[in-house]
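Chemist: sequence unknown, structure follows:
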């Protein structure tokens, strides 16, 4: 008979309607009731009651917040769940990143951050990608962030409604994705979640989250209204429908959705009953499972799979309903994420050059974590509430502040100087105190090139009046022009009246020191 793999899960956005910390602590529930600390604690207790139960989790931004606060006994218990494969981690990154707006380096970085913790804490290496909510899917995700990182499979929920119908009609809801024309070996087994509904929830009528109206399973003979037969019949009917739209004798059902399992026993109690009574019925077999177990079962069948190439953009969930506005929404924040990313890479490079034995990551964790959170599919994508965007930006700003002493220390070591270094973070508003207050002898301008090729680029430096540029005592062609009006979020501000323009010539992964002279 058909075997149904039940995968209990929650999808926890790393910021969306509430900030990441509000989601963790369960604050601001007038906007959305959600508490990831509560979810993880409830799931821990539920897994301890029945060793057959399983659960999968993704977002390390939440898991690590919760895990660090647990007692040694609880940590040991959770490690046991991981060891016995009751608890599995999918993706393993700090968040479930977007696939259209982030730079691939930031996708790799946020995945690496989460994997590093899982490896250190549990000796665990994720093997399955789980991109169930991003609004379309990129070839980069399939080739680089799935096949090339060693994942055995990738699952997602959202795809174009016409593509979904085609796959249902032609038994292509599971397939091999060969996303890169230059890396033909980089293919990954890919499947759709949400019982092929275009989403990632449970089958209709089988959502047993605490606030759901779906009918629970009543099998207590001391009570009236026993409904096991009706519930089993409905479940078997849907399972057989789903089985008829893919290949092989195994199907996967995602039992959960956004911020679910805060009362995990409401879910698991019904799943226990569903498994018991459906297996007694015998028409289909049901078990607790994980995507890893499911992929192993599919692989053992030795099936031939259709092949998908290129990507899954753009995404539309109905006629004329394209989810493409987020490609450009909140452009200022998108730019800020890119700027912070460039700074993070530059500080890493410079510090490694200055001190190869130094542990730069520990001193850059604030910016690294802020960047990882910002790759979430409601963060850099631009689809979160305004107060949440402010929180993302504030975290990045704090991370930049924490990174600048590392940058300054590394620059001093490279230049063999004890001079103080100051970074100008408000150049976009024509503000830079060091360049606006030049001493008669001039001031040094340290410029780093993070690219692996030589670079010639125009630099803009705010100044109060006439100024010129030298390098190694030789003049550099420059122009001073009136600055554009300076504007902040709150209106006009007094920026530098003039801007000095000159072309910087920089070696690959190297620097140049210019002198600004009044």
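Modeler: Sure thing, it's come through. Treat the numbers as computed from the prediction; the structure is a model and nothing was measured.

Chemist: Just give the nearest non-adjacent residue to the residue most central in space within the chain, would you?
Modeler: With distances taken as C-alpha atoms, centre = their mean, residue 97 lies nearest the centre of the chain, 2.5 Å away. The shortest distance from residue 97 to any residue that is not its chain neighbour, by C-beta to C-beta, 6 or more residues apart in numbering, is 4.0 Å, and that residue is residue 375. Just so you know, the C-beta spots here come from the backbone N, C-alpha and C atoms, and that holds for glycine as well.

Chemist: Touching, that neighbour and residue 106? I think so.
Modeler: Yes - the pair formed by residue 375 and residue 106 meets the contact definition of C-beta atoms under 8 Å, at 5.2 Å.

Chemist: tell me which helix or strand of this structure sits lowest on mean pLDDT?
Modeler: helix 360-363 (a mean of 74; mean pLDDT, DSSP states H and E).

Chemist: average model confidence for the helix or strand just after that one?
Modeler: From helix 360-363 onward toward the C-terminus, using DSSP states H and E, the following helix or strand is helix 365-374. With pLDDT averaged residue by residue, helix 365-374 scores 97.

Chemist: just the angle between whatever helix or strand comes next after helix 365-374 and helix 365-374, please?
Modeler: Of the helices and strands lying after helix 365-374 in sequence (DSSP H and E), the nearest is helix 386-415. Direction vectors for helix 386-415 and helix 365-374, defined by axes from the mean of the first three to the mean of the last three C-alpha atoms, to 10 degrees, enclose an angle of 140 degrees.

Chemist: helices or strands up against helix 386-415?
Modeler: Taking 3 or more C-beta pairs under 8 Å, 6 or more residues apart in numbering; DSSP states H and E as the contact definition, the neighbouring helices and strands of helix 386-415 are helix 331-354, helix 360-363, helix 365-374.

Chemist: out of those helices, deepest packed?
Modeler: Burial of these is given as mean neighbour count (mean count of other C-beta atoms under 10 Å); helix 365-374 ranks first at a mean of 23.

Chemist: Report the contact partners of the residue nearest to residue 97.
Modeler: Residues in contact with residue 375 (C-beta atoms under 8 Å, 6 or more residues apart in numbering) are 94-95, 97-98, 102, 106-107, 110, 337.

Chemist: from those, which two are the most distant?
Modeler: When those are compared pair by pair using C-beta to C-beta, the two farthest from each other are 94 and 337, 14.0 Å apart.

Chemist: Quick one: residues contacting the closest residue to residue 453 other than its chain neighbours.
Modeler: Leaving out its chain neighbours, the residue that sits closest to residue 453 by C-beta to C-beta, 6+ apart is residue 508, at 5.1 Å. Residues near residue 508 by C-beta under 8 Å, 6+ apart: 449, 451-455.

Chemist: Quickly note the distance from residue 145 to residue 193.
Modeler: Applying C-beta to C-beta, to the nearest Å, the value for residue 145 to residue 193 is 17 Å.

Chemist: what sits against the residue nearest to the centre of the chain?
Modeler: For residue 97, the residues meeting the contact criterion (C-beta under 8 Å, 6+ apart) are 106-107, 110-111, 134, 375-377.

Chemist: who wins for neighbours among the residues you listed?
Modeler: Neighbour count (other C-beta atoms under 10 Å) singles out residue 376 as the most crowded of those, with 30 neighbours.

Chemist: what residues are up against that one?
Modeler: Under the criterion of C-beta under 8 Å, 6+ apart, the contact list for residue 376 reads 13-15, 95-98.

Chemist: Ok, residue 147 next?
Modeler: 179, 183, 185-188.

Chemist: And the residues you listed, which is closest to residue 161?
Modeler: Ranked by distance to residue 161 (C-beta to C-beta), those are led by residue 179 at 21.4 Å.

Chemist: how much space between the closest one and residue 152?
Modeler: 16 Å.

Chemist: how much space is there between residue 487 and residue 445?
Modeler: Note on residue 487: its distance to residue 445, by C-beta to C-beta, is 25 Å.

Chemist: just residue 75 next, same as before
Modeler: Using C-beta to C-beta, residue 75 is found at 49 Å from residue 445.

Chemist: ok, now which ones touch residue 284?
Modeler: For residue 284, the set of contacting residues under the criterion of C-beta under 8 Å, 6+ apart consists of 1-4, 236, 239-240, 243, 278.

Chemist: who has more neighbours, residue 179 and residue 152?
Modeler: Neighbours around residue 179 and residue 152, counted as other C-beta under 10 Å, are more numerous at residue 179. The numbers are 25 against 17.

Chemist: Write the ChimeraX selection for whichever of the contacts of residue 147 are buried.
Modeler: Applied in ChimeraX, the following selects the buried portion of the contacts of residue 147 according to 16 or more other C-beta atoms under 10 Å:
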select :179,186,187,188
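
Chemist: So, low pLDDT: which residues of the stretch 1-150 of the chain?
Modeler: Applying pLDDT under 70 to the predicted model, the stretch 1-150 of the chain contains no residue that meets it.

Chemist: Quick one: the helices in it, in order.
Modeler: 20-25, 36-49, 60-68, 72-83, 104-122, 139-142 (DSSP state H, counting those that start in this stretch).

Chemist: Those: which one's closest to residue 227?
Modeler: With C-beta to C-beta, the closest approach to residue 227 among the helices of the stretch 1-150 of the chain belongs to helix 36-49: 22.8 Å.

Chemist: Give me the helices and strands touching the closest one, please.
Modeler: With contacts taken as 3+ C-beta pairs under 8 Å, 6+ apart, helix 36-49 sits against helix 20-25, strand 55-57, helix 60-68, helix 72-83, helix 264-281.

Chemist: among these, which is the most enclosed?
Modeler: For those, average neighbour numbers computed from mean count of other C-beta under 10 Å are highest in strand 55-57, which has a mean of 24.

Chemist: Pull the distance from the one helix or strand residue 239 maps to to the chain's centre.
Modeler: Assignment of secondary structure by DSSP H and E places residue 239 within helix 228-243. Computed by C-alpha atoms, centre = their mean, to the nearest Å, the chain-centroid distance of helix 228-243 equals 35 Å.

Chemist: got it, and stretch 350-368?
Modeler: Averaged C-alpha coordinates place stretch 350-368 at 23 Å from its chain's average position (C-alpha atoms, centre = their mean).

Chemist: Quick check: end-to-end length of that stretch?
Modeler: As for stretch 350-368, its first-to-last residue distance stands at 16 Å under the measure C-alpha to C-alpha, to the nearest Å.

Chemist: hmm, who's touching it?
Modeler: Among residues not part of stretch 350-368, those counted as contacts by C-beta under 8 Å, 6+ apart are 109, 113, 340, 343-344, 347-348, 396, 398-400, 402-403, 406-407, 409-411, 413-414, 448, 509, 511.

Chemist: quick revisit: could you dump the contacts of residue 147 to CSV with secondary structure and distance to residue 200?
Modeler: Converted to CSV, those look like this (DSSP: H, G, I helix; E, B strand; the rest coil; distance: C-beta to C-beta, whole Å):
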residue, secondary structure, distance to residue 200
179, coil, 21
183, coil, 28
185, coil, 29
186, coil, 25
187, strand, 23
188, strand, 18
